[in-house]
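*Asks:* Output the structure for:
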Amino acid sequence: MNGYRVSFGHIEVGESGRRYLDQALSRNWVSEGTNVQMFETRFAGRFGYRHAIATSSGTDAGIVAAAALTELGAKRGDEVITPALAFTATANCVLAAGLVPKFVDVELETLNIDPALIEDAITPRTKAIQVVHTMGKPCRMKEILEIAARHKLAVIEDCCEAHGATLGGKVVGSFGGFGLFSFYAAHLICSAEGGMIVTDSQKLADLCRSLRTHGRRGGQLYFHFDRVGYNSKMNDLEAAIGLEGLEQFDQNFETRRRHRRRLLELIAPLEEHLILYPDGSGEVISPHAFPLVLRNEKRSVEGLYEHLEKHAIQCKTLFGSLPTQHRAFAFLGYKSGAFPIAERVGRTGLHFGLHQYLKDDDIEHVAETLRAYFA
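*Replies:* From the prediction side, this is the model:
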């Protein structure tokens with residue numbers, strides 16, 4: 001727990017996970033094997049996806065999906081539209097596949113890519129739109145899919161923070177051609193590390209399986225390579241932990257949702273100071289973490305950040321604008337002010353953990369700490 005009362009997330013491996021781990025060890029084989037196959041099959045079945053392809057991380061899931069675009073006609077240097085406000089992996093995976101992230105600003109009221117700005121960002125080199133369901137809140141997929149259809153663009157859904165989130169009764173990851181998941185420690189389903197690609201297309205599934213396994217033909221062990229690929233496989237030890245997380249998903253989802261509802265109730269009087277993010281019409285937010293944005297756009301979030309940390313609440317900034325607030329992407333040439341909402345959130349937003357291992361009095365502690373700051 002690193003001394004935090006409210007940590008961002010951690011792992012507790014129970015009886016079921018240990019049994020799967022022991023089974024992997026007893027087979028004297030811990031690379032991709034039986035556990036991974038079970039995890040893929042059960043993950044797809046639980047959420048209604050036709051195909052699920054396990055990877056070594058959520059980032060590798062993104063790299064493989066972006067690389068699949070090059071197999072479908074994209075050329076090196078072609079563009080993928082992606083939100084300016086997101087975890088760095090969303091842009092890194094596009095670059096790692098030889099493509100270029102074309103950033104678009106987000107909506108303050110959702111933290112998600114703004115559909116109204118997408119069309120103006122499309123160029124002859126645009127091959128796909130990558131959306132991110134930020135903090136588990138579904139994007140406005142109807143508008144995004146209509147834009148993609150008009151311009152014949154692929155749609156990649158980054159669902160790394162959105163396990164089980166739904167929009168109009170339909171689970172995220174099933175709207176576009178690909179859905180991407182991460183199973184890092186803070187995420188609702190955890191496998192220590194690990195990721196997943198989901199798709200309803202047999203062609204895309206076969207392509208992703210080849211790309212994540214060195215470009216091998218048809219998943220064969222025989223050394224016949226049809227394309228440049230990666231070593232992006234999940235191993236059976238990670239899958240063992242993921243299988244347990246999948247078995248506990250419904251319970252953990254409801255526990256996190258309960259924590260989230262309670263915290264929203266307790267800090268509702270602070271809405272004059274904070275922008276909060278409740279479920280919108282027709283959506284069920286996945287309770288990944290709890291985001292906050294200061295209403296005063298001229299005030300830095302640094303004071304609140306330090307206050308929460310001082311009271312043993314581990315928190316992180318709310319990503320910020322990748323192209324203008326992170327030096328890693330300075331080479332792309334974007335200038336400060338190009339993404340006013342993402343930059344504003346970068347200055348005034350943060351998020352903290354809301355996982356199933358927290359107790360009701362931990363939620364009370366967070367609320368009391370927030371109330372004390374604004375008092």
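
*Asks:* Find the centremost residue of this protein, please.
*Replies:* For the chain, the residue nearest the mean C-alpha position is Cys160 (2.1 Å; Cα atoms, centre = their mean).

*Asks:* Torsion angles phi and psi at the closest residue to that one other than its chain neighbours?
*Replies:* Leaving aside its sequence neighbours, Cys160 sits nearest to Ser182 (Cβ to Cβ, 6 or more residues apart in numbering; 3.8 Å). C-beta: built from backbone N, CA, C; applies to glycine. Per-residue torsions, Ser182: phi -120, psi 150 (degrees, to the nearest 10).

*Asks:* Touching, Gly346 and Leu85? I think so.
*Replies:* Yes: counting by Cβ atoms under 8 Å, Leu85 is a contact partner of Gly346 at 7.5 Å.

*Asks:* Mind listing the shared neighbours of these two?
*Replies:* Taking Cβ atoms under 8 Å, 6 or more residues apart in numbering as the criterion, Gly346 and Leu85 both touch 318-321.

*Asks:* With respect to Arg27, which of these is nearest?
*Replies:* Nearest to Arg27 out of the shared contacts of Gly346 and Leu85 is Phe319 (Cβ to Cβ; 40.3 Å).

*Asks:* Can you name the residues that contact the closest one?
*Replies:* By Cβ under 8 Å, 6+ apart, Phe319 lies in contact with 85-87, 134, 342, 345-346, 349.

*Asks:* what number of residues lie near the residue nearest to Cys160?
*Replies:* Ser182 has 27 neighbours, counted by other Cβ atoms under 10 Å.

*Asks:* and the nearest residue in space to Phe39 that is not next to it in sequence, what element?
*Replies:* Leaving aside its sequence neighbours, Phe39 sits nearest to Ala239 (Cβ to Cβ, 6+ apart; 4.2 Å). Per DSSP states H and E: Ala239 is located in helix 236-247.

*Asks:* I'd like to know which elements that helix is packed against.
*Replies:* With contacts taken as 3 or more Cβ pairs under 8 Å, 6 or more residues apart in numbering; DSSP states H and E, helix 236-247 sits against helix 15-26, helix 34-47.

*Asks:* can you rerun that using 10 Å?
*Replies:* helix 15-26, helix 34-47, strand 51-55 (3 or more Cβ pairs under 10 Å, 6 or more residues apart in numbering; DSSP states H and E).

*Asks:* Just name the most buried of those.
*Replies:* With neighbours defined as mean count of other Cβ atoms under 10 Å, the helices and strands packed on helix 236-247 peak in mean count at strand 51-55, which reaches a mean of 26.

*Asks:* Just the C-alphas of the helix or strand following that one, formatted as CSV.
*Replies:* The helix or strand immediately downstream of strand 51-55 is helix 58-71, counting by DSSP H and E. Coordinates of each C-alpha in helix 58-71 appear next as CSV, following Å, rounded to 0.1, in the frame of the first residue of the first chain:
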residue,chain,number,x,y,z
GLY,A,58,-2.7,-2.6,-23.0
THR,A,59,0.0,-0.6,-24.8
ASP,A,60,0.9,-3.7,-26.9
ALA,A,61,-2.8,-4.2,-27.7
GLY,A,62,-2.7,-0.6,-29.1
ILE,A,63,0.5,-1.2,-31.0
VAL,A,64,-0.9,-4.4,-32.6
ALA,A,65,-4.2,-2.7,-33.5
ALA,A,66,-2.4,0.2,-35.1
ALA,A,67,0.0,-2.1,-36.9
ALA,A,68,-3.0,-3.9,-38.3
LEU,A,69,-4.0,-0.7,-40.0
THR,A,70,-0.8,-0.9,-42.0
GLU,A,71,-1.8,-4.4,-43.2
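
*Asks:* so which pair among the shared contacts of Gly346 and Leu85 is furthest apart in space?
*Replies:* Across the shared contacts of Gly346 and Leu85, the longest distance by Cβ to Cβ is 10.7 Å; it joins Leu318 and Ser321.

*Asks:* shared neighbours of those two, which are they?
*Replies:* Listed as contacting both Leu318 and Ser321 by Cβ atoms under 10 Å, 6 or more residues apart in numbering are 85, 342, 345-347.

*Asks:* mind listing which of the residues you listed are in strands?
*Replies:* Among those, none falls in strands (DSSP state E).

*Asks:* sorry, back to before: more neighbours: which of Leu318 and Ser321?
*Replies:* Set Leu318 next to Ser321 and count neighbours by other Cβ under 10 Å: Ser321 wins out with 28 against 22.

*Asks:* wait, isn't the more buried one in contact with Val345?
*Replies:* Yes: Ser321 is within contact range of Val345, at 7.9 Å (criterion: Cβ atoms under 10 Å).

*Asks:* could you pull out the helices for the stretch 151-300 of the chain?
*Replies:* Listed in chain order, the helices found in the stretch 151-300 of the chain under DSSP state H, counting those that start in this stretch are 202-211, 236-247, 249-266.

*Asks:* now for those helices, which one comes closest to Val94?
*Replies:* helix 202-211 (14.7 Å).

*Asks:* Packing partners of that closest one?
*Replies:* Partner elements for helix 202-211 (3+ Cβ pairs under 10 Å, 6+ apart): strand 51-55, helix 58-71, strand 178-182, strand 195-199.

*Asks:* So for Asp279, which of the ones you listed sits nearest?
*Replies:* strand 178-182 (20.2 Å).

*Asks:* and Gln248, what does it touch?
*Replies:* Counted by Cβ under 10 Å, 6+ apart, Gln248 has contacts 14, 16-17, 188-190, 255, 356.

*Asks:* please redo it, this time with the cut-off set to 8 Å
*Replies:* Going by Cβ under 8 Å, 6+ apart, the list of residues near Gln248 reads Gly14.

*Asks:* Outline the domain layout of the chain.
*Replies:* For the chain, automatic domain parsing gives the domain ranges 15-105+114-247, 249-374.

*Asks:* can I get those domains in a markdown table with distance to Tyr4 and mean pLDDT?
*Replies:* Converted to a markdown table, the domains of the chain look like this (distance: least, Cβ to Cβ, whole Å; pLDDT from 0 to 100):
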| stretch | distance to Tyr4 | mean pLDDT |
| --- | --- | --- |
| domain 15-105+114-247 | 12 | 96 |
| domain 249-374 | 4 | 97 |
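
*Asks:* Having no further points to raise, I will conclude here.
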